[in-house]
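In: from the sequence below, what's the structure:
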Amino acid sequence: MSRRAPLLERMTGHLLHALDHARLSDDLTARGGFLQALDPRVKLGGLLGLAVTVTAVHRLTALAGLFLAAVLLALASRLPVGRALGPLWLGILIFSGAIALPAPLLTPGDVVAHLPLTGWPITAQGLRSAAFLIGRAETAATFTTLLILTTPWPHVLKAMRALGVPVVVVAIFGMTHRYIFLFLQAAAQMFEARRSRMVGRLTPREGRRLAVATAGALLGRAIETGNEVHLAMISRGYRGEPRLMQDFPTRPRDWAALAGAGSLAALALFGGA
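Out: Below you'll find the predicted structure:
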(Lines give C-alpha, C1' and ligand atoms only; values in the text may rest on other atoms or scores of the structure.)
Protein backbone atom coordinates (compact mmCIF):
# COMPACT_ATOMS: atom_id res chain seq x y z
CA MET A 1 0.00 0.00 0.00
CA SER A 2 1.25 3.48 -0.87
CA ARG A 3 2.94 5.48 1.87
CA ARG A 4 0.78 8.43 0.78
CA ALA A 5 -2.41 6.58 1.73
CA PRO A 6 -4.12 7.72 4.94
CA LEU A 7 -2.78 6.17 8.14
CA LEU A 8 -6.07 4.40 8.89
CA GLU A 9 -6.15 2.74 5.46
CA ARG A 10 -2.53 1.64 5.73
CA MET A 11 -3.08 0.06 9.14
CA THR A 12 -6.22 -1.72 7.97
CA GLY A 13 -4.41 -3.00 4.91
CA HIS A 14 -1.48 -4.31 6.94
CA LEU A 15 -3.80 -6.11 9.36
CA LEU A 16 -5.78 -7.72 6.55
CA HIS A 17 -2.52 -8.79 4.88
CA ALA A 18 -1.43 -10.51 8.10
CA LEU A 19 -4.75 -12.35 8.30
CA ASP A 20 -4.45 -13.43 4.65
CA HIS A 21 -0.97 -14.80 5.38
CA ALA A 22 -2.39 -16.77 8.32
CA ARG A 23 -5.08 -18.26 6.09
CA LEU A 24 -2.40 -19.21 3.57
CA SER A 25 -0.55 -21.10 6.31
CA ASP A 26 -3.73 -23.01 7.19
CA ASP A 27 -4.20 -23.97 3.54
CA LEU A 28 -0.60 -25.17 3.21
CA THR A 29 -0.92 -27.57 6.14
CA ALA A 30 -3.68 -29.42 4.23
CA ARG A 31 -1.63 -30.04 1.09
CA GLY A 32 -0.57 -33.60 0.41
CA GLY A 33 3.17 -33.00 0.48
CA PHE A 34 6.09 -34.85 2.02
CA LEU A 35 6.24 -33.08 5.37
CA GLN A 36 2.46 -32.87 5.74
CA ALA A 37 2.27 -36.67 5.72
CA LEU A 38 4.77 -37.19 8.55
CA ASP A 39 4.08 -37.71 12.23
CA PRO A 40 4.11 -34.23 13.87
CA ARG A 41 6.43 -35.55 16.59
CA VAL A 42 8.93 -36.61 13.95
CA LYS A 43 8.69 -33.24 12.22
CA LEU A 44 9.12 -31.34 15.47
CA GLY A 45 12.16 -33.34 16.53
CA GLY A 46 13.73 -33.56 13.09
CA LEU A 47 13.28 -29.98 11.90
CA LEU A 48 14.18 -28.38 15.21
CA GLY A 49 17.18 -30.70 15.43
CA LEU A 50 18.32 -29.51 12.02
CA ALA A 51 17.78 -25.89 13.08
CA VAL A 52 20.03 -26.47 16.09
CA THR A 53 22.58 -28.17 13.84
CA VAL A 54 22.70 -25.03 11.71
CA THR A 55 24.00 -23.05 14.67
CA ALA A 56 26.80 -25.57 15.28
CA VAL A 57 28.29 -26.06 11.79
CA HIS A 58 31.66 -24.45 11.07
CA ARG A 59 31.87 -24.87 7.30
CA LEU A 60 30.11 -22.70 4.74
CA THR A 61 29.69 -25.70 2.43
CA ALA A 62 27.80 -27.57 5.17
CA LEU A 63 25.65 -24.51 5.81
CA ALA A 64 24.85 -24.19 2.11
CA GLY A 65 23.98 -27.89 1.99
CA LEU A 66 21.54 -27.53 4.88
CA PHE A 67 19.90 -24.53 3.23
CA LEU A 68 19.55 -26.47 -0.01
CA ALA A 69 18.00 -29.37 1.93
CA ALA A 70 15.47 -26.97 3.47
CA VAL A 71 14.49 -25.64 0.04
CA LEU A 72 14.14 -29.18 -1.33
CA LEU A 73 11.91 -30.09 1.61
CA ALA A 74 9.73 -27.07 0.85
CA LEU A 75 9.41 -28.13 -2.78
CA ALA A 76 8.66 -31.75 -1.82
CA SER A 77 5.95 -30.45 0.51
CA ARG A 78 4.31 -28.51 -2.35
CA LEU A 79 4.89 -25.13 -0.76
CA PRO A 80 4.97 -21.96 -2.90
CA VAL A 81 8.57 -21.11 -2.06
CA GLY A 82 8.46 -17.55 -3.35
CA ARG A 83 5.23 -16.60 -1.60
CA ALA A 84 5.63 -18.59 1.62
CA LEU A 85 9.37 -18.25 2.25
CA GLY A 86 10.41 -15.27 0.10
CA PRO A 87 9.24 -12.57 2.56
CA LEU A 88 10.91 -14.46 5.41
CA TRP A 89 14.24 -14.63 3.58
CA LEU A 90 14.09 -10.97 2.61
CA GLY A 91 13.29 -9.80 6.14
CA ILE A 92 16.07 -11.88 7.67
CA LEU A 93 18.53 -10.74 5.01
CA ILE A 94 17.81 -7.08 5.77
CA PHE A 95 17.92 -7.50 9.55
CA SER A 96 20.89 -9.86 9.85
CA GLY A 97 22.67 -8.09 6.99
CA ALA A 98 22.51 -4.82 8.91
CA ILE A 99 24.04 -6.55 11.93
CA ALA A 100 26.72 -8.29 9.87
CA LEU A 101 27.61 -5.23 7.81
CA PRO A 102 30.49 -4.02 10.04
CA ALA A 103 32.10 -7.48 10.29
CA PRO A 104 34.13 -7.34 7.03
CA LEU A 105 35.57 -3.98 8.12
CA LEU A 106 36.19 -4.64 11.81
CA THR A 107 37.39 -8.26 11.81
CA PRO A 108 41.18 -8.50 11.56
CA GLY A 109 42.64 -10.82 8.95
CA ASP A 110 43.73 -11.07 5.33
CA VAL A 111 42.77 -7.99 3.33
CA VAL A 112 40.99 -8.90 0.08
CA ALA A 113 39.71 -5.46 -0.97
CA HIS A 114 39.27 -1.88 0.16
CA LEU A 115 36.03 0.02 0.57
CA PRO A 116 35.67 2.64 -2.17
CA LEU A 117 36.10 6.29 -1.18
CA THR A 118 37.18 5.53 2.39
CA GLY A 119 39.86 2.96 1.64
CA TRP A 120 38.92 0.88 4.69
CA PRO A 121 40.19 -2.73 4.43
CA ILE A 122 37.80 -5.63 3.88
CA THR A 123 39.08 -8.93 5.28
CA ALA A 124 38.36 -12.49 4.23
CA GLN A 125 37.71 -13.47 7.84
CA GLY A 126 35.17 -10.66 8.16
CA LEU A 127 33.34 -11.74 5.02
CA ARG A 128 33.28 -15.30 6.35
CA SER A 129 31.81 -14.14 9.67
CA ALA A 130 29.12 -12.13 7.89
CA ALA A 131 28.27 -15.08 5.63
CA PHE A 132 27.93 -17.37 8.65
CA LEU A 133 25.66 -14.94 10.49
CA ILE A 134 23.32 -14.43 7.54
CA GLY A 135 23.41 -18.07 6.43
CA ARG A 136 22.69 -19.45 9.88
CA ALA A 137 19.78 -17.06 10.41
CA GLU A 138 18.26 -17.82 7.00
CA THR A 139 18.64 -21.60 7.27
CA ALA A 140 17.48 -22.00 10.87
CA ALA A 141 14.44 -19.80 10.23
CA THR A 142 13.60 -21.82 7.11
CA PHE A 143 13.59 -25.12 8.99
CA THR A 144 11.39 -23.78 11.79
CA THR A 145 9.03 -22.13 9.31
CA LEU A 146 8.66 -25.42 7.44
CA LEU A 147 7.35 -26.95 10.67
CA ILE A 148 4.70 -24.24 11.06
CA LEU A 149 3.66 -24.23 7.39
CA THR A 150 3.18 -28.01 7.19
CA THR A 151 1.67 -28.78 10.61
CA PRO A 152 -1.63 -27.57 12.10
CA TRP A 153 -0.92 -25.62 15.27
CA PRO A 154 -2.88 -27.98 17.60
CA HIS A 155 -0.74 -30.85 16.28
CA VAL A 156 2.42 -28.87 17.06
CA LEU A 157 1.24 -28.34 20.63
CA LYS A 158 0.40 -32.01 21.11
CA ALA A 159 3.76 -33.02 19.65
CA MET A 160 5.47 -30.67 22.10
CA ARG A 161 3.75 -32.40 25.01
CA ALA A 162 4.62 -35.83 23.60
CA LEU A 163 8.30 -34.80 23.57
CA GLY A 164 8.17 -33.70 27.20
CA VAL A 165 7.65 -29.94 26.98
CA PRO A 166 6.03 -28.73 30.25
CA VAL A 167 2.28 -28.12 30.22
CA VAL A 168 2.65 -24.46 31.20
CA VAL A 169 4.94 -23.78 28.23
CA VAL A 170 2.54 -25.49 25.82
CA ALA A 171 -0.38 -23.53 27.28
CA ILE A 172 1.49 -20.24 26.83
CA PHE A 173 2.26 -21.05 23.19
CA GLY A 174 -1.33 -22.10 22.53
CA MET A 175 -2.91 -19.03 24.11
CA THR A 176 -0.43 -16.67 22.47
CA HIS A 177 -1.09 -18.11 19.02
CA ARG A 178 -4.85 -17.99 19.49
CA TYR A 179 -4.96 -14.41 20.77
CA ILE A 180 -2.56 -13.02 18.19
CA PHE A 181 -5.02 -13.82 15.42
CA LEU A 182 -8.08 -13.02 17.51
CA PHE A 183 -6.86 -9.50 18.15
CA LEU A 184 -5.57 -9.06 14.62
CA GLN A 185 -9.11 -9.71 13.43
CA ALA A 186 -10.61 -7.48 16.11
CA ALA A 187 -8.23 -4.63 15.25
CA ALA A 188 -8.96 -4.96 11.53
CA GLN A 189 -12.71 -4.83 12.21
CA MET A 190 -12.34 -1.78 14.46
CA PHE A 191 -10.30 0.16 11.91
CA GLU A 192 -12.66 -0.84 9.11
CA ALA A 193 -15.68 0.26 11.16
CA ARG A 194 -14.06 3.62 11.94
CA ARG A 195 -13.17 4.19 8.32
CA SER A 196 -16.69 3.35 7.09
CA ARG A 197 -18.17 6.00 9.41
CA MET A 198 -15.90 8.85 8.34
CA VAL A 199 -16.50 11.38 5.60
CA GLY A 200 -13.42 12.83 3.96
CA ARG A 201 -9.79 12.24 4.83
CA LEU A 202 -8.22 12.69 8.23
CA THR A 203 -5.23 14.91 8.72
CA PRO A 204 -2.03 13.12 9.80
CA ARG A 205 -2.51 14.44 13.34
CA GLU A 206 -6.09 13.16 13.51
CA GLY A 207 -5.04 9.81 12.07
CA ARG A 208 -2.37 9.32 14.73
CA ARG A 209 -4.80 10.32 17.47
CA LEU A 210 -7.37 7.85 16.18
CA ALA A 211 -4.77 5.08 15.98
CA VAL A 212 -3.70 5.65 19.58
CA ALA A 213 -7.31 5.71 20.80
CA THR A 214 -8.07 2.49 18.92
CA ALA A 215 -4.99 0.81 20.37
CA GLY A 216 -6.16 1.73 23.87
CA ALA A 217 -9.64 0.37 23.22
CA LEU A 218 -8.16 -2.82 21.78
CA LEU A 219 -5.96 -3.29 24.86
CA GLY A 220 -8.99 -2.96 27.12
CA ARG A 221 -10.90 -5.46 25.02
CA ALA A 222 -7.91 -7.83 25.09
CA ILE A 223 -7.74 -7.83 28.89
CA GLU A 224 -11.49 -8.31 29.26
CA THR A 225 -11.72 -11.04 26.64
CA GLY A 226 -8.67 -12.84 27.99
CA ASN A 227 -10.14 -13.04 31.49
CA GLU A 228 -13.52 -14.22 30.23
CA VAL A 229 -12.08 -16.88 27.94
CA HIS A 230 -9.67 -18.14 30.60
CA LEU A 231 -12.47 -18.54 33.15
CA ALA A 232 -14.66 -20.28 30.57
CA MET A 233 -11.86 -22.71 29.69
CA ILE A 234 -11.11 -23.49 33.34
CA SER A 235 -14.81 -24.13 34.02
CA ARG A 236 -14.83 -26.66 31.18
CA GLY A 237 -11.88 -28.61 32.52
CA TYR A 238 -8.98 -27.05 30.62
CA ARG A 239 -5.63 -27.56 32.36
CA GLY A 240 -3.22 -26.71 29.55
CA GLU A 241 -3.06 -30.22 28.08
CA PRO A 242 -3.74 -30.17 24.28
CA ARG A 243 -6.29 -32.85 23.36
CA LEU A 244 -7.16 -33.97 19.83
CA MET A 245 -9.57 -36.52 18.43
CA GLN A 246 -6.86 -38.28 16.43
CA ASP A 247 -3.68 -40.00 17.58
CA PHE A 248 -0.28 -39.82 15.88
CA PRO A 249 0.65 -43.26 14.50
CA THR A 250 4.35 -43.63 13.75
CA ARG A 251 4.88 -45.46 10.46
CA PRO A 252 8.02 -46.76 8.75
CA ARG A 253 8.32 -43.63 6.61
CA ASP A 254 8.34 -41.53 9.78
CA TRP A 255 11.27 -43.51 11.17
CA ALA A 256 13.00 -43.24 7.79
CA ALA A 257 12.50 -39.47 7.76
CA LEU A 258 13.86 -39.17 11.31
CA ALA A 259 16.88 -41.27 10.38
CA GLY A 260 17.42 -39.09 7.32
CA ALA A 261 17.32 -35.92 9.42
CA GLY A 262 19.82 -37.41 11.87
CA SER A 263 22.12 -38.50 9.06
CA LEU A 264 21.98 -35.06 7.46
CA ALA A 265 22.81 -33.42 10.79
CA ALA A 266 25.72 -35.79 11.39
CA LEU A 267 27.05 -35.22 7.88
CA ALA A 268 26.86 -31.45 8.30
CA LEU A 269 28.62 -31.57 11.66
CA PHE A 270 31.30 -34.18 11.05
CA GLY A 271 31.54 -34.70 7.30
CA GLY A 272 34.85 -33.45 5.95
CA ALA A 273 36.03 -32.47 9.42
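
In: average model confidence for stretch 252-263?
Out: Averaged over stretch 252-263, pLDDT sits at 94.

In: contact partners of it?
Out: For stretch 252-263, contacts defined as CB atoms under 8 Å, 6 or more residues apart in numbering pick out 37-39, 42, 45-47, 49-50. To be clear about C-beta, it is placed using only N, CA and C from the backbone, and glycine gets the same treatment.

In: over to stretch 106-125?
Out: If you take CB under 8 Å, 6+ apart as the criterion, stretch 106-125 is touched by 104-105, 126-127, 129.

In: cool, and stretch 144-162?
Out: Applying CB under 8 Å, 6+ apart, the contact partners of stretch 144-162 are 25-26, 28-29, 33, 35-36, 40-41, 43-44, 47-48, 51, 70, 73-74, 77, 79, 84-85, 88, 167, 169-170, 173-174, 177, 241-244, 248.

In: next SSE after the particular helix or strand that has residue 161 in it?
Out: Applying DSSP states H and E as the criterion places residue 161 in helix 153-162. As assigned by DSSP H and E, the chain's next helix or strand after helix 153-162 is helix 167-196.

In: name the helices or strands packed onto that next one?
Out: When contacts are defined as 3 or more CB pairs under 8 Å, 6 or more residues apart in numbering; DSSP states H and E, helix 167-196 packs onto helix 7-29, helix 153-162, helix 204-235.

In: surely residue 78 meets residue 33?
Out: Yes: under the criterion of CB atoms under 8 Å, residue 78 makes contact with residue 33 at 4.0 Å.

In: relative to residue 156, how far out is residue 178?
Out: Computed as CB to CB, to the nearest Å, the residue 178 to residue 156 distance reads 13 Å.

In: compare the two (neighbour count), which wins?
Out: residue 156 (21 against 12; other CB atoms under 10 Å).

In: how near is that one to residue 61?
Out: Distance, residue 156 to residue 61, using CB to CB: 32 Å.

In: equivalent analysis for residue 33, please.
Out: 28 Å.
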